[in-house]
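Trainee: This is a predicted model, with the sequence first.
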Amino acid sequence: QVVLVESGGETVQAGGSLRLSCAAAGGYFAVMAWFRQAPGKERDFVAGISWNEGSTYYLNSVKGRFTISRDNSKRTGFLQMNSLKPEDTAVYYCAAARGGGSWYDAGRYDYWGQGTQVTVAA
């Protein structure tokens, strides 16, 4: 069992930056990812990282603005978000998976955090 705890969400002005953190406790996982869910919409993949190799994958609309990283020693993942836009407003969730599959498939992920609210004001 892996417990994920996100932090770092808040309200910022458009063009601003935030860094989200996801602290993992417990067992094994192979990848960590960030999803987001806006009101009335589905939960969508944002970025993912292979925990051992460090390889990364991004939603096209966040490439060049968001960076996913991890600190293995602290078992913590990060999502650095720059040049934020109002359309980035959502609850951001950290997720972890033990096995393979599509980055975009929420069903792939075995563990989920509780979510952290990010609001970008115009």
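Mentor: All right, it came through fine.

Trainee: Look up how far residue 82 lies from residue 111.
Mentor: Distance from residue 111 to residue 82, counting by CB to CB, to the nearest Å: 27 Å. For every residue, glycine as well, the C-beta is placed using N, CA and C.

Trainee: out of those two, which sits in the more crowded spot?
Mentor: The neighbour comparison of residue 111 against residue 82 (other CB atoms under 10 Å) goes to residue 111, with 18 against 14.

Trainee: Bridged to the one residue sitting closest to the centre of the chain, which residues?
Mentor: The centroid of the chain falls nearest to residue 34 when counting by CA atoms, centre = their mean (2.0 Å). Beta-bridge partners for residue 34, by DSSP bridges, are residue 47, residue 94.

Trainee: how close does it get to residue 70?
Mentor: 11 Å.

Trainee: joint contacts of the two?
Mentor: Common neighbours of residue 34 and residue 70, using CB atoms under 8 Å, 6 or more residues apart in numbering, are residue 77.

Trainee: on that earlier part again, next, the contact list for the residue nearest to the centre of the chain, please.
Mentor: Contacts of residue 34 (CB under 8 Å, 6+ apart): 20, 22, 45-48, 68, 77, 79, 92-95.

Trainee: go on, residue 88?
Mentor: Neighbours of residue 88 in contact, by CB under 8 Å, 6+ apart: 36, 62, 81, 118, 120.
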